[in-house]
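Enquirer: Sequence and predicted structure, then a few things I'm wondering about:
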Amino acid sequence: MYRFLKLKFLRLLRNSSTPECIGRGVATGLFVAFVIPYGQMLAAFFLAAILRGARGLAALVTWVTNPITMPIFYTAQCYLGSIILGRPLSFPQIQTIISGVVENPSLRLIGKLSADLIASFLIGGIVFGLLSAGTGYVCITTMVRYYRKQMERRKAGKRGLPINGRA
């Protein structure tokens, strides 16, 4: 598993796009993952196209909220959103509702959710999405720039060229 993740991460760093484009793709995917509960990959792909980010990467990053992590993230964001709205919901209450929706997603069940829970989900999702998107953008663009600079240094060293103006 470690090797698989390492290879995927290196593939991300080796993407031929600009660091900013890669960062926008990751940020878009992270934001959409927390705000839109279903159809995330499609929404992230089109939003990344509009924002000129890495579209495929945006769609893949939405998997940060997968069937295993959804109950955890969505419960936390509903709780945060309910606190922001001033109508705190309890963790057990939120967990019961969300686990029911995740296990059996149907429009009828989603339609029965209270307006408080939906508003809490959206407000908490926007907060989580903005925080994760901002952090993801800064981290990924910094990592891609650093990786590319290291690769340039290695190539220059192999060719016997001066590195940073030194002979």
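Expert: Cool, got the structure. Predicted model only: the values in this text are computed from it and were never measured.
Enquirer: What segments of the protein are strands?
Expert: For the chain, strands defined by DSSP state E do not occur.
Enquirer: for stretch 84-98, which positions count as buried?
Expert: Leu89, Ile94, Gln95, Ile97, Ile98 (16 or more other Cβ atoms under 10 Å). Quick note: C-beta positions are derived from backbone N, CA and C, even for glycine.
Enquirer: just these now: which is nearest Gly23?
Expert: Ile98 (30.3 Å; Cβ to Cβ).
Enquirer: pLDDT value on that closest one, please?
Expert: Predicted confidence (pLDDT) for Ile98: 69.
Enquirer: Same list (the buried residues of stretch 84-98) but as a markdown table, adding distance to Ile140.
Expert: Formatted as a markdown table, the buried residues of stretch 84-98 follow (distance: Cβ to Cβ, whole Å):
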| residue | distance to Ile140 |
| --- | --- |
| Leu89 | 33 |
| Ile94 | 31 |
| Gln95 | 31 |
| Ile97 | 34 |
| Ile98 | 29 |
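Enquirer: Out of these, which is nearest to Pro67?
Expert: Of the buried residues of stretch 84-98, the one sitting nearest to Pro67 (Cβ to Cβ) turns out to be Ile98, at 12.0 Å.
Enquirer: pLDDT below threshold where in this protein?
Expert: 1, 98-113, 160-167 (pLDDT under 70).
Enquirer: who's in contact with the residue nearest to Leu60 when sequence neighbours are not counted?
Expert: Nearest residue to Leu60, sequence neighbours excluded (Cβ to Cβ, 6 or more residues apart in numbering): Gly29, at 6.8 Å. Taking Cβ atoms under 8 Å, 6 or more residues apart in numbering, we find Gly29 in contact with Ala44, Ala48, Leu57, Ala58, Ala59, Leu60, Val61, Thr62, Val64.
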